[in-house]
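> structure for this input, please:
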Amino acid sequence: MNSIAHDAIALAIIGGTGLYKLAELHDVETRQPVTRYGAPSGPIRIGTLAGRRVAFLARHGEGHSVPPHKINYRANLAALEAVGARRVLALNTVGGITAHYGPRTLGCPEQIIDYTWGRISTLCEEEGTDVLHVDFGDPYTPALRAEILAAASRAGVAVVDGGCYGATQGPRLETKAEIARMRRDGCDLVGMTGMPEAGLAREFGLDYACLAIVANWAAGAGPDPDEQITLQEVLANVEAAGAGLGPLLHALLAEA
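Just a heads-up that it's a prediction; the model follows:
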């Protein structure tokens, strides 16, 4: 297959838990770049979707072998940049905290709070690198968020506009007390991979937005505060909510 020009990538998509491939991709080519930060979580699959070239990377690896705190976020974004991506749509599987973010909901948050620790969170880590003080007041690129929401409207896919994503360390789920604190802090969603990915995307100069897929109620947040969260429930809810992804992506790429 012919090499794909770097400027041909209309959109890069990073898939989260339960989203290890993009079935809609056709004419797929595999790239396995090694970056100055090391290897990404897995191969980058580049194919055609809605007549546009799209790059897909499974954040946890295609076999879900990389836990949230061990993901090489810098290498993932550097690898996407290396194949020509300038716009990144992050698909994040999350728990819902507030009422409008129940299971099987899709949402496009506009803010984030970082509760993670110990992760390499900047391109300024190595000695001698330039110190970057990037503006992060709006952690998700407003123009890309607007495009996603407009595409959802055109496709007839319900997406909640706004809210705050709380990024926790993982891989364990949160306690009820932790979720109660996050609710007091203003979080609507909880996930384990939103940071440092969003901050690094800003340092790379990439347009970046999150489409959150609510897989379950966070601990103590749902109608049954004692409900136990199971992997089977999470995967079933991701699959159900993910039914809207195909139409939304087609609508988004049609305007790209």
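> count of residues packed around the nearest residue to Ala82 once chain neighbours are set aside?
Among residues not flanking Ala82 along the chain, Pro33 sits closest, at 4.7 Å (C-beta to C-beta, 6 or more residues apart in numbering). Placement of C-beta: from N, CA and C, glycine included. The number of residues packed near Pro33 is 15, by other C-beta atoms under 10 Å.
> three-state assignment of Pro33?
Look at Pro33: counting by DSSP: H, G, I helix; E, B strand; the rest coil, its state is coil.
> and it, what pLDDT?
Pro33 is assigned 90 on the pLDDT scale.
> now swap in Ala158 and tell me
96.
> gap between the residue nearest to Ala82 and Glu203?
19 Å (C-beta to C-beta, to the nearest Å).
> biggest helix in this structure by residues?
Selection of the longest helix in the chain by residue count, based on DSSP state H, yields helix 142-155.
> regarding the residue lying closest to Arg145 once chain neighbours are set aside, what is its secondary structure?
Distances taken as C-beta to C-beta, 6+ apart place Ala209 nearest to Arg145, at 4.8 Å, with adjacent residues excluded. Using three-state DSSP, the secondary structure recorded for Ala209 is strand.
> go on, Gly84?
Once three-state DSSP is applied, Gly84 turns out coil.
> that one contacts Ile9, doesn't it?
Yes: Gly84 is within contact range of Ile9, at 4.2 Å (criterion: C-beta atoms under 8 Å).
> and the two? Which one has more around it.
Ile9 (21 against 17).
> pLDDT wise, what is that one at?
94.
> just Pro223 next, same as before
At Pro223, pLDDT is 87.
> quick check on the residue nearest to it when sequence neighbours are not counted: phi, psi?
Leaving out its chain neighbours, the residue that sits closest to Pro223 by C-beta to C-beta, 6+ apart is Trp217, at 7.9 Å. As for Trp217, its main-chain torsions (degrees, to the nearest 10) stand at phi -70, psi 140.
> please apply the same query to the one 10 residues further on.
Here is the backbone geometry of Glu227 (degrees, to the nearest 10): phi -60, psi 140.
> re earlier: distance check, the residue nearest to Arg145 against Val28.
Ala209 is 24 Å from Val28, by C-beta to C-beta.
> the more surrounded of the two?
Ala209 (24 against 14).
> my read: that one touches Ala90, true?
Yes: using C-beta under 8 Å, Ala209 is in contact with Ala90, at 7.0 Å.
> so where's this structure shaky on pLDDT?
For the chain, the stretches with pLDDT under 70 are 1-7, 256.
> what sits against the residue nearest to Ala82?
Residues in contact with Pro33 (C-beta atoms under 8 Å, 6 or more residues apart in numbering) are 40, 44, 78-79, 82-83.
> state the distance from it to Tyr165.
Distance from Pro33 to Tyr165, by C-beta to C-beta: 28 Å.
> burial of Pro43, as a residue count?
18.
> apologies, that question was intended for Gly199.
21.
> I'd guessed it sits against Pro139; true?
Yes: using C-beta under 8 Å, Gly199 is in contact with Pro139, at 7.2 Å.
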